[in-house]
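Colleague: What would the 3D arrangement of this be:
(2 chains)
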Amino acid sequence: MVNSKEEKYLMKKNCFLLVGTLALLPVSLRAAEDWVRYNAVPNSSKVKVDGTSTLHDWSVGSTALGGYVEFDPAFDLAKPALGKINAHCDVRIFVRQLKSDKTDMDNVMYDSMKEKDHRRIDYRLSEMVLKEAPKSPDAPFLFDTKGELIVAGVTNKVQMPVTMVRVGADKLKFAGSTSVKMTSFGIAPPTKLGVFSTGDDVKLSFEWLTARKEQK
Amino acid sequence: MVIATPTHQHREIAIAALQAGKHVYCEAPLANNIEDAKAIALAAKSARKQVFQAGLQTRSDPQRRFLLDFIRAGASGKAVKAHAQWHKKQSWRMASPNPARERELNWRLSKETSPGLVGEIGIHQIDAMSWFLNGRPVSVTGFGSIMQWKDGRDVPDTVEAVFEYPGGAHLTYQCTLANSFDADYEMLYGTDAAIMMRGNKAWMFKEVDSPLLGWEVYARKDQFYKETGIALIANATKLTNLTEKATDEAAYMTKPLYFALESFLTNVNTVSSAVEDFSATFDVNDKAALEKYISEIKLQPAAGYQEGFEATALAIKANEAVVNGQKVALPKEGFELA
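Modeller: Presented below is the predicted three-dimensional model:
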């Protein structure tokens, strides 16, 4: 049984929390609404993973590169200011959509990447710095980026230069590449006893087309 | 869903399954009349997120796909004629103590429900030969008689059909339930070599004036009466295969049905996972984008609704020619779905 004094105190505390939450909510919602969002365009992107083996080089790829990028409304594409950009970016790809020319080898890759437990590869941007603004409308923006890459359930920090070009009135195309080690994600480079073994280093490269989300 | 019912019962099941969102493997022929075959193929065509495979097994067979590349590369020269046969002494009748069940079981023996020998058996060999000849026939002339099994059936037990291909090459097809000699095989006769396909094996019989390919000097050879057959095995030019000993063991021990069903299951898995992942990645309402994504996926080799319809339409017309003892023209519109 709660005494009346304590009850009043709790009510007062809850009221304060409620009012406080309501007061903060519209501000954060408004801020998110103002951000300019670009969503991944289907069938227009490509991601490639290139690796080596004792037999021959190999490559897997996909076009199903999803996700979004959002910019602070202060970031003006027409007059971009160099330096840190406030941006959010999430990119995702389902592991089994990565394919090579050989179905058998794809299955070896999915097993190595523990696809059954970790179906997606995710990338989350943590920092974006504009190093060079385009000198003409068709020229690329050059960014230095930092982010987190999650593969097979293991998160690693990655840094890579990324280019961005405007495509038409409402699209942005990003491109970049970086090298990672399979073992850094807890992936043992696939081997087939006596036949081949793959190298630990792989190169990830992508071209990612996004389109501005229509304003409601 | 695998549809392996009597041919005339495919339509209802196939369309219901496709409309229920199921992936469908439908045995060939798709139907015993063109209208039903077209209805199934059109239902499959509109089911973009599903796999439809026609049971033309040889289209998935690695040995025949290897031969196809070999033939298309011109190894046998210009194709001048082809021949295929299926000989097996058997009644084609199934027994049942129940007369109604007996009738139902023996749907192959009644013209009303059966596309005949050329439709039920010939379809696979004729489709494969049209594939190798790289074209569809322009006419078919048929002959058929009941020579052995005069048991009340009205479907011929011994048939012959001659298919004319663009450019003048002919395929002769013979099928009988009255004699077993030489069983079943397909022959392709070219200006440089003849190629014989028997089950999962194949041999090449070269002309003396044909150009030397090189690898055949080292290849395995088998004797056929007065002829020497050069064994055609996938990857035969690779060093490991050149030393293979002549044995009864085939390069592929499993039958085309195995490969056809393997393709079906792999493709079902590939397409359904693509639909699932794409829908979780992009806007699920963007149907056009999803269909484009599916259309660009590399699938295992298999006959689809178009190949299934074309082969069925050809088999039904060939049976019409056999039953009526006539020449039937095969205009290209007869193979079109829309």
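
Colleague: Run through the helices of the stretch 201-338 of chain B in chain order.
Modeller: Using DSSP state H, counting those that start in this stretch, the helices assigned to the stretch 201-338 of chain B run over residues B:239-242, B:256-281, B:287-295, B:305-324.

Colleague: got those as CSV, with distance to chain A, mean neighbour count and mean pLDDT columns?
Modeller: (Glycine included, C-beta is placed from N, CA and C.) Below are these laid out as CSV (distance: least, C-beta to the nearest C-beta, whole Å; neighbours: other C-beta atoms under 10 Å in any protein chain shown; pLDDT from 0 to 100):
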stretch, distance to chain A, mean neighbour count, mean pLDDT
helix B:239-242, 13, 12, 46
helix B:256-281, 3, 18, 95
helix B:287-295, 4, 15, 94
helix B:305-324, 21, 24, 98
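
Colleague: Show me which residues of the stretch 151-300 of chain B sit near chain A.
Modeller: B:266, B:273-274, B:277-278, B:280-283, B:286, B:289-290, B:292-293, B:296, B:298, B:300 (C-beta under 8 Å from any C-beta of the partner chain).

Colleague: Ok, which of the helices of the stretch 201-338 of chain B comes nearest B:Ile121?
Modeller: helix B:305-324 (9.5 Å; C-beta to C-beta).

Colleague: With just CA atoms, put that closest one into CSV.
Modeller: What follows is helix B:305-324, C-alpha atoms only, in CSV (Å, rounded to 0.1, in the frame of the first residue of the first chain):
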residue,chain,number,x,y,z
TYR,B,305,6.9,-22.3,-69.7
GLN,B,306,7.9,-21.2,-73.2
GLU,B,307,9.9,-24.3,-74.0
GLY,B,308,7.2,-26.4,-72.3
PHE,B,309,4.5,-24.9,-74.5
GLU,B,310,6.5,-25.1,-77.7
ALA,B,311,7.4,-28.8,-77.1
THR,B,312,3.8,-29.6,-76.1
ALA,B,313,2.3,-27.8,-79.1
LEU,B,314,4.7,-29.7,-81.5
ALA,B,315,4.0,-33.0,-79.8
ILE,B,316,0.2,-32.5,-80.1
LYS,B,317,0.5,-31.6,-83.8
ALA,B,318,2.8,-34.5,-84.5
ASN,B,319,0.3,-36.8,-82.8
GLU,B,320,-2.5,-35.3,-85.0
ALA,B,321,-0.3,-36.1,-88.1
VAL,B,322,0.2,-39.7,-86.8
VAL,B,323,-3.5,-40.3,-86.0
ASN,B,324,-4.7,-38.9,-89.3
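
Colleague: Distance from the chain centre to that helix, please.
Modeller: Helix B:305-324 sits 12 Å away from the centroid of its parent chain (C-alpha atoms, centre = their mean, to the nearest Å).

Colleague: same for it, what does it pack against?
Modeller: Packing contacts for helix B:305-324, counted by 3 or more C-beta pairs under 8 Å, 6 or more residues apart in numbering or on different chains; DSSP states H and E, involve helix B:34-46, strand B:52-55, helix B:116-120, helix B:122-132, strand B:139-145, strand B:158-164, strand B:327-329.

Colleague: Which of these has the highest mean neighbour count?
Modeller: strand B:52-55 (a mean of 28; mean count of other C-beta atoms under 10 Å in any protein chain shown).

Colleague: could you point out which element follows the least confident helix or strand in chain A by mean pLDDT?
Modeller: Ranking every helix and strand in chain A by mean pLDDT, DSSP states H and E puts helix A:4-34 at the bottom, with a mean of 51. Under the assignment DSSP states H and E, the closest C-terminal helix or strand after helix A:4-34 is strand A:36-40.

Colleague: Give me the contact list for that following strand.
Modeller: By C-beta atoms under 8 Å, 6 or more residues apart in numbering or on different chains, the surrounding residues in contact with strand A:36-40 are A:65-71, A:73, A:75, A:91, A:171-172, A:208-213, B:281-283.

Colleague: 6 Å - rerun?
Modeller: With contacts defined as C-beta atoms under 6 Å, 6 or more residues apart in numbering or on different chains, strand A:36-40 is touched by A:Gly66, A:Gly67, A:Tyr68, A:Val69, A:Glu70, A:Phe71, A:Leu172, A:Thr210, A:Arg212, A:Lys213.

Colleague: ok, these vs A:Phe185, which is closest?
Modeller: After measuring the contacts of strand A:36-40 against A:Phe185 - C-beta to C-beta - the closest member comes out as A:Gly67, at 19.1 Å.

Colleague: need the contact list for the closest one.
Modeller: Counting by C-beta under 6 Å, 6+ apart, A:Gly67 touches A:Ala40, A:Asp90, A:Val91, A:Arg92.

Colleague: What of A:Phe75?
Modeller: A:Ile85.

Colleague: Quick one: the strands in chain A, in order.
Modeller: Taking DSSP state E to define them, one finds strands in chain A at A:36-40, A:46-51, A:58-62, A:66-71, A:83-85, A:87-94, A:120-132, A:141-151, A:154-167, A:171-181, A:191-192, A:196-197, A:201-212.

Colleague: Lowest average pLDDT across those?
Modeller: Mean pLDDT is lowest for strand A:191-192 out of those, coming in at a mean of 76.

Colleague: Against which helices or strands is it packed?
Modeller: On a contact count with 3 or more C-beta pairs under 6 Å, 6 or more residues apart in numbering or on different chains; DSSP states H and E, strand A:191-192 meets no helix or strand.

Colleague: Identify the residues contacting the nearest residue to B:Ala302 once chain neighbours are set aside.
Modeller: Excluding its sequence neighbours, the residue lying closest to B:Ala302 (C-beta to C-beta, 6 or more residues apart in numbering or on different chains) is B:Ser263, at 4.2 Å. By C-beta under 6 Å, 6+ apart, the contact list for B:Ser263 reads B:Ser60, B:Gln300, B:Ala302.

Colleague: Closest to A:Leu204 out of those residues?
Modeller: Taking the contacts of B:Ser263 together and measuring to A:Leu204 by C-beta to C-beta, the closest member is B:Gln300, at 27.7 Å.
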